[in-house]
Each structure stands twice: as C-alpha cells, then as structure tokens.
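Engineer: Build me a structure from this.
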Amino acid sequence: MSLAPAKTVLDEITDFLLTGPTAEEIIAFQLPEALEQRALDLLERNRENTLTPDERAEMEEFMRMGHFMNMLKRKNIAARPSRTTWAGPVTSVTSTREAILPLPTRKLDGRRFCFTRAANNGRNTFG
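Structural biologist: Numbering: from 1, shown residues only. Okay, here's the model as predicted:
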C-alpha cells in the first residue's frame, strides 16, 4: 500500500498549468510515478472494498482530474494544424489514440478510470 503523496493530483496539475505549457507539453503531460502508484493502490483497495471515506474522495479527485486532462489533451490535439506529408510524428505521442485512450481501463462505480503506458517510452501516463 502506498501512502498519499505530499502533492495531490490537483496540486500537480495546477502547478503544471501555471508554467504556461505549450500544446505539445500538455499532450505529453504525465503524473509523477508516486501519484500514479497511489491511484493504482486506491483502485485496488476500492476493488477490495477497503477504502476510507477520505481515500474514496481522493480516488474520485483522480477520476475528475483524469477526465479534465483527457479533455484538455483532446482539445490541444484537435487544435494542431493537420499534416499533409509523412515527415514523421509531430511529438513523441504518435497518435491521438495513444495520447487519449487509456490502457488498461478499469471500471469504477460505472465510470472509467484509467492509466496508459506510452508505447514509445514505456512510462506510465495518467489519462
């Protein structure tokens, strides 16, 4: 079981957004490993029905912020100019699917809560 990290998912995302990231930085954004591990731990404990009320609220915050970041990434991908030639990928994210769609996906109270593993660098990505 992992302990709650010093920074919350909300802290991490708002701190990131305050840096004035480019569209490409937003698309490539990933949570630190400690927060990803915490989210996975909360999911596992939820499956075992052992979450405290505070932990359930924390898990729900992960879900809300994951949805927010997915929406922000989708809008940034949609706003990019389309490419008409095969000059290679625009970023390390090679497709909209890789940046947005979560793998593996877990169901939680009828909602999707997810994490992805970017194929190009093997790092976990909260999505």
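Engineer: Output the helix or strand that L43 is a member of as CSV, restricted to C-alpha atoms.
Structural biologist: Here L43, judged by DSSP states H and E, is contained in helix 33-47. C-alpha atoms of helix 33-47 as CSV (Å, rounded to 0.1, in the frame of the first residue of the first chain):
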residue,chain,number,x,y,z
GLU,A,33,5.3,7.8,-10.6
ALA,A,34,4.3,8.4,-6.9
LEU,A,35,0.9,9.7,-7.8
GLU,A,36,0.3,7.0,-10.4
GLN,A,37,1.2,4.4,-7.9
ARG,A,38,-1.2,6.0,-5.3
ALA,A,39,-4.0,6.0,-7.9
LEU,A,40,-3.4,2.3,-8.6
ASP,A,41,-3.4,1.5,-4.9
LEU,A,42,-6.6,3.3,-4.4
LEU,A,43,-8.2,1.4,-7.3
GLU,A,44,-7.0,-1.9,-5.8
ARG,A,45,-8.3,-1.1,-2.4
ASN,A,46,-11.6,0.1,-3.9
ARG,A,47,-12.0,-3.3,-5.6
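Engineer: which other helices and strands contact it?
Structural biologist: On a contact count with 3 or more CB pairs under 8 Å, 6 or more residues apart in numbering; DSSP states H and E, helix 33-47 meets helix 9-18, helix 53-79, strand 105-108, strand 111-117, strand 124-126. Bear in mind the C-beta positions are built from the backbone N, C-alpha and C, glycine included.
Engineer: Tell me which of those approaches Q37 most closely.
Structural biologist: Proximity to Q37 (CB to CB) singles out strand 124-126 among the helices and strands packed on helix 33-47, at 8.7 Å.
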